[in-house]
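> Got a predicted structure here, sequence first:
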Amino acid sequence: MRAWVIDQFGGPEAIHPITLPMPLPGPNQVRIRVAATSINPFDLKIRNGQLPLPVDFPAVLHGDVAGVIDAVGDEVSMFEPGDEVFGWAGGFGHYQGALADYMLADPRTLIHKPRALPFAEAAALPAVFVVTWEALYDRAAIQPGERLLIQGGAGGVGHLAIQVGKWLGAEVHVTVSSRDKAARVRELGADEVILYPEETVENYVARLTEGKGYDVVLDTVGGEVLASCLRAVRVSGRVVTTNSRSMQDLSLLYMRNITLHGVMMGTPLLHHQEYDVFRAALSRVKPMAEAGALKILLDDTFFSFDQAPQAHVRFSSGEARGKVVLLHSDMPDESMT
């Protein structure tokens with residue numbers, strides 16, 4: 001089968017095509033004929049060697065996958081050949097990723113794809129949706145009527161957090177860096193949009209929350225932004241971060257009785273647990289999609305499977321206006337038309 005691999009850490013140029021043997025599923029595995037995959041920051045950090053995680057070279061990258069079950073192991077009962085599925089199933093360590101014609105996966109990292117959801121959109125969702133749902137529903141336990149502030153509302157997690165927050169009944173406020181992004185997040189349902197280059201945390205907290213602060217603050221950016229989240233949340237509020245590997249002064253947690261949660265994608269594969277949490281979160285895609293409450297932002301430029309390095313260049317450029325998706329040309333997807 002065809003696959004794109006890296007033999008060493010590096011930039012997009014490190015990705016190159018090779019031919020690998022067709023993988024055979026073990027007793028508790030399924031084999032997926034890959035229809036589409038998308039790029040996450042996690043994939044770039046694996047490619048660049050920026051995460052303290054094992055990588056077996058030659059490594060096939062990408063965890064997000066959508067496709068069709070091609071074969072199942074003897075002990076697999078939840079799927080059968082022909083099932084359309086999506087999930088986050090590999091891309092580091094000894095787990096082969098989705099940049100290949102076929103991919104082996106633990107069935108507990110997949111769910112059935114809703115028929116109405118195109119492969120491209122399904123491939124764009126797993127990592128970012130699961131992180132978003134776990135952050136807002138499982139960790140923050142956000143309640144109807146609460147005020148939610150999303151730091152970085154135009155990004156992969158941020159744009160879904162707007163929609164999940166509204167689905168859960170929150171009043172959603174969003175920070176963005178430009179007026180163009182402000183228009184996009186308003187279309188997704190944001191109740192208030194804050195241009196953070198033009199307004200201090202203290203100013204918008206006073207203006208929009210009567211100075212009390214937000215019930216929940218979601219940090220999708222990390223670094224110094226997490227420090228601003230601690231200033232924006234109310235006394236006894238909740239902060240959830242999905243992207244913070246940095247040193248922080250946490251004095252405000254103690255002084256203001258703040259609860260801080262960290263959420264990282266890939267818990268099932270990293271720690272071999274919480275498969276049920278992962279699948280329960282991803283299963284929420286179906287009711288939201290069927291209710292018309294879920295809009296996935298995809299970049300205007302779609303890439304074929306043969307353009308993996310170019311797709312990584314596009315993602316790294318910062319010019320993409322949504323998730324960057326790669327599609328297999330022999331599996332047409334209606335989202336391309």
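That came through fine. Numbers count the residues shown, from 1 in each chain.
> Could you pull out the helices in the stretch 101-250 of the chain for me?
Secondary structure of the stretch 101-250 of the chain by DSSP state H, counting those that start in this stretch: the helices cover 119-124, 126-133, 156-167, 179-187, 201-209, 224-232.
> Show me what the fifth one is packed up against.
I take that to be helix 201-209. Applying 3 or more CB pairs under 8 Å, 6 or more residues apart in numbering; DSSP states H and E, we find helix 201-209 packed against strand 192-195, helix 224-232. C-beta coordinates here come from the backbone N, C-alpha and C atoms, glycine included.
> hmm, 6 Å instead?
helix 224-232 (3 or more CB pairs under 6 Å, 6 or more residues apart in numbering; DSSP states H and E).
> Also the third one?
Packing contacts for helix 156-167, counted by 3+ CB pairs under 6 Å, 6+ apart, involve helix 126-133, strand 147-151, strand 171-176.
> Against which helices or strands is the first one packed?
Based on contacts counted as 3+ CB pairs under 6 Å, 6+ apart, the elements that helix 126-133 packs against are strand 84-88, helix 156-167, helix 275-282.
> cool, the shortest one as well?
In this structure, strand 147-151 packs against helix 156-167, strand 171-176, strand 214-219, with contacts taken as 3+ CB pairs under 6 Å, 6+ apart.
> Could you single out the most deeply buried of the ones you listed?
Greatest average neighbour count among the helices and strands packed on strand 147-151 goes to strand 214-219 (a mean of 27), per mean count of other CB atoms under 10 Å.
> starting at the chain centroid, how far to that strand?
18 Å (CA atoms, centre = their mean, to the nearest Å).
> For that strand, which strands pair with it and how are they oriented?
Using DSSP bridges, the strands paired with strand 214-219 are strand 147-151 (parallel), strand 233-241 (parallel).
> To P52, which of the ones you listed lies closest?
Comparison of the strands paired with strand 214-219 against P52 by CB to CB identifies strand 233-241 as nearest, at 18.1 Å.
> Same question for that closest one: list its buried residues.
If you call a residue buried by 16 or more other CB atoms under 10 Å, then strand 233-241 has these buried ones: V233, R234, G237, R238, V239, V240, T241.
> what's the closest of those residues to A100?
Using CB to CB, the buried residues of strand 233-241 come closest to A100 at T241, 32.3 Å.
> who's in contact with stretch 211-218?
135, 140, 142, 146-150, 161, 205, 229, 232-234, 237-240 (CB atoms under 6 Å, 6 or more residues apart in numbering).
> The one helix or strand R33 maps to pairs with which strands?
Take DSSP states H and E as the rule and R33 turns out to sit in strand 30-38. Neighbouring strands of strand 30-38 in its sheet, by DSSP bridges, are strand 64-72 (antiparallel), strand 102-105 (antiparallel), strand 325-327 (antiparallel).
> Which of those strands has the highest mean neighbour count?
When you average the neighbours per residue for each of those (mean count of other CB under 10 Å), strand 325-327 leads with a mean of 27.
> domain ranges for the protein?
Following automatic domain parsing, one gets these domains for the chain: 2-125+274-336, 128-262.
> Can you say which of the ones you listed is nearest to P268?
domain 2-125+274-336 (4.8 Å).
> okay if I get the helices and strands packed on strand 147-151 as a markdown table plus mean pLDDT and distance to G26?
Below are these laid out as a markdown table (pLDDT from 0 to 100; distance: least, CB to CB, whole Å):
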| stretch | mean pLDDT | distance to G26 |
| --- | --- | --- |
| helix 156-167 | 97 | 32 |
| strand 171-176 | 98 | 44 |
| strand 214-219 | 98 | 38 |
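> now those as TSV including distance to M288?
Listed next are those as TSV, based on distance: least, CB to CB, whole Å:
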stretch	distance to M288
helix 156-167	6
strand 171-176	15
strand 214-219	17
